[in-house]
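Visitor: Next come a sequence and a model predicted from it.
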Amino acid sequence: MTIDLNTLVQKYDTPLYLYNFDDVAKRYRELKGAFEGHKSLISYAVKANSNLAVVRHLAQMGAGADCVSIGEVRRALAAGVERYKIIFSGVGKRDDEIKEALEKEILMLNLESEAEMKRVEQIARELGKEARISIRVNPNIDPKTHPYISTGLHENKFGVEINIAKRMYIYAKKSEYLNPIGIHFHIGSQLTELDPIKEATGIVADLVRSLVAIDIDIKFFDVGGGLGVVYKDETTIHPQSYADVIFEATKGLDVTLICEPGRYMLANAGYLVTRVLYEKKNAGKRFVIVDAAMNDLIRPSLYDVYHKIEAVKKSEENSKESTPADVVGPICESGDFFGKNIDLPPLMHDDLLVIHSAGAYGFTMSSNYNTRGRAAEVAISEGEDYCIRKRESFEDQIALELACDNSWQKK
Ligand code: LLP
């Protein structure tokens, strides 16, 4: 980004999330372009970064939304996503969430168990509505990614086996209150290999062929999200190769192809800017203590994954001898780190560090741990900066506690 970070930091303070909206647009267009010539919908996975401005930016380019809670559905609608482009997924939807989703007439509810299908049918009956549904199939494919973000194996809690899915489609087809219009799978996140995607798509496309043969007309073929990005030196999947594999596997099917990228759209368009507080050495080991912490960006602590960290210094200072350091936050946990043995130049109080690839699963996984307010979020679009979420104040944090009557004190 050709943006002066020092000026931004003076204006917004640190820790600060920055998103390059031009980059997001570029990625959206590249992926959408890869599906050209086919009916397709890019249904952005809101969980990756749910800021209204981010969702609105994507919606304005035509994106739909993949949601996993009624809160996300409300966000998508508030951000201007067309209701017929909204999908509601997730293994555990509450009755009130199902009811609201049906009332809001979104595209479809993506079901993950027979029990859930019966609930949806019951609620639809009570509302006198027909529920448009898809079923999430678990194709039992190893996506070769981090175990915490692998979802397409039978040992994971997601989706249903092929045979159960078939049984569910047959039941739904007969039901007056269910309309099975879609099929879905999602084998995992941060996928960098095409073969598991190809295999899973093939399995699910075959299932669709067998459904079409018995007059169950699947109109939406949803391949989930999962496209990986470069954090360090990964070889990633080109969007066109991704789309081509899907075209090949679904040949002959008259379906709208849906994909649900989250990370691909936002990860590398986002940065977490933090300020150096202190440097210290413990038994010769160098620590750089910054003002962001695991409550702002938990990915390194939670998954032990790499995020590039760069010092913002004048180039002559940057070229001074770098030495390895652990970059850590102020939280009282040894797991509160952003990087270990990162080569960094000598740093001083108030120097800035930029943590890269922080646009997806950064802010959305943040918390108030240690009563730390959440960071501000700023969008950069065509060289201008726009505040898209104010820094959370102490008062914001305690507002809901103060709003209670505190009657426990009177007992
Ligand atoms: N669709 C479904 C049904 C999903 O479960 C997910 C992500 C996506 C789409 C979007 O996947 P993406 O395109 O972003 O890979 N917190 C973890 C990632 C968890 C992903 C959960 N599901 C991380 O920070 O790596």
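Guide: Perfect, I can see it now.

Visitor: the longest strand in the chain is where?
Guide: strand 270-282 (DSSP state E).

Visitor: Parallel or antiparallel, list what pairs with that one.
Guide: With DSSP bridges as the test, strand 270-282 is paired with strand 16-20 (antiparallel), strand 285-290 (antiparallel), strand 352-355 (antiparallel).

Visitor: Show me which residues of it are buried.
Guide: Of all the residues in strand 270-282, those buried under the rule 16 or more other Cβ atoms under 10 Å are 270-276, 279. No exception for glycine: its C-beta is placed from N, CA and C like everyone else's.

Visitor: ditto for stretch 233-248
Guide: Using 16+ other Cβ under 10 Å as the test for burial, stretch 233-248 gives 236-237, 239, 242-243, 245-246.

Visitor: With distance to residue 381, secondary structure and pLDDT added, can I get those residues in TSV?
Guide: Output for the buried residues of stretch 233-248, formatted as TSV (distance: Cβ to Cβ, whole Å; DSSP: H, G, I helix; E, B strand; the rest coil; pLDDT from 0 to 100):
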residue	distance to residue 381	secondary structure	pLDDT
236	25	coil	96
237	27	coil	97
239	22	helix	98
242	27	helix	98
243	27	helix	98
245	33	helix	98
246	31	helix	98
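
Visitor: Give me the most central residue, the chain.
Guide: For the chain, residue 48 is the residue whose C-alpha lies nearest the centre (Cα atoms, centre = their mean; 2.1 Å).

Visitor: what's that residue in contact with, if anything?
Guide: By Cβ atoms under 8 Å, 6 or more residues apart in numbering, residue 48 lies in contact with 262-263, 265-267, 359-361, 364.

Visitor: so of these, which ones are in strands?
Guide: Using DSSP E, none of the contacts of residue 48 sit in strands.

Visitor: give me the subset of the residues you listed touching the ligand.
Guide: The residues of the contacts of residue 48 that also fall near the ligand, by Cβ under 6 Å from any ligand atom, are 262-263, 360-361.

Visitor: will you turn those into a markdown table that also has pLDDT and neighbour count?
Guide: Listed next are those as a markdown table, based on pLDDT from 0 to 100; neighbours: other Cβ atoms under 10 Å:
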| residue | pLDDT | neighbour count |
| --- | --- | --- |
| 262 | 98 | 24 |
| 263 | 98 | 25 |
| 360 | 98 | 27 |
| 361 | 98 | 26 |
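
Visitor: so how far is residue 360 from residue 256?
Guide: The gap separating residue 256 from residue 360 is 25 Å, by Cβ to Cβ, to the nearest Å.

Visitor: Can you tell me the number of residues neighbouring residue 92?
Guide: Using other Cβ atoms under 10 Å, residue 92 is surrounded by 11 other residues.

Visitor: what do you get for residue 249?
Guide: Residue 249: 20 surrounding residues under other Cβ under 10 Å.

Visitor: likewise residue 39?
Guide: Per other Cβ under 10 Å, the neighbour tally for residue 39 reads 13.

Visitor: Please report how far it lies from residue 230.
Guide: Separation of residue 39 from residue 230 (Cβ to Cβ): 30 Å.

Visitor: got it, and residue 143?
Guide: 18 Å.

Visitor: So which of these two has more stuff around it?
Guide: Shown here are residue 143 and residue 230; by other Cβ under 10 Å, residue 143 has more neighbours (26 against 14).

Visitor: any idea what sits nearest the more buried one, other than its immediate chain neighbours?
Guide: Among residues not flanking residue 143 along the chain, residue 188 sits closest, at 3.4 Å (Cβ to Cβ, 6 or more residues apart in numbering).

Visitor: was I right about that neighbour contacting residue 139?
Guide: No - judged on Cβ atoms under 8 Å, residue 188 makes no contact with residue 139 at a distance of 11.2 Å.

Visitor: could you pull out the helices for this structure?
Guide: With DSSP state H, the ranges of helices along the chain come out as 5-12, 21-34, 52-60, 70-78, 95-103, 114-127, 162-174, 194-213, 239-249, 263-266, 299-303, 315-318, 394-402.

Visitor: looking at these, which has the lowest confidence?
Guide: Least confident of the helices of the chain, judged by mean pLDDT, is helix 315-318 with a mean of 64.

Visitor: so where's the stretch 201-350 of the chain uncertain?
Guide: Low-confidence segments of the stretch 201-350 of the chain (pLDDT under 70): 314-319.

Visitor: what does the stretch 301-411 of the chain put close to the ligand?
Guide: 360-361.

Visitor: repeat that with 8 Å
Guide: Residues of the stretch 301-411 of the chain lying close to the ligand by Cβ under 8 Å from any ligand atom are 302-303, 305, 360-361, 365.

Visitor: nearest to the ligand, of the residues you listed?
Guide: residue 361 (3.2 Å; Cβ to the nearest ligand atom).

Visitor: quick one: contacts for the closest one?
Guide: Residue 361 sits next to 47-49, 262-263, 267, 299 when contact means Cβ under 8 Å, 6+ apart.

Visitor: what's the neighbour count on residue 310?
Guide: Counted with other Cβ under 10 Å, residues neighbouring residue 310 total 14.

Visitor: any idea how far the nearest residue to residue 203 once chain neighbours are set aside is from residue 186?
Guide: Nearest non-adjacent residue to residue 203, counting by Cβ to Cβ, 6+ apart: residue 139, 4.5 Å away. To residue 186, residue 139 is 10 Å away according to Cβ to Cβ.
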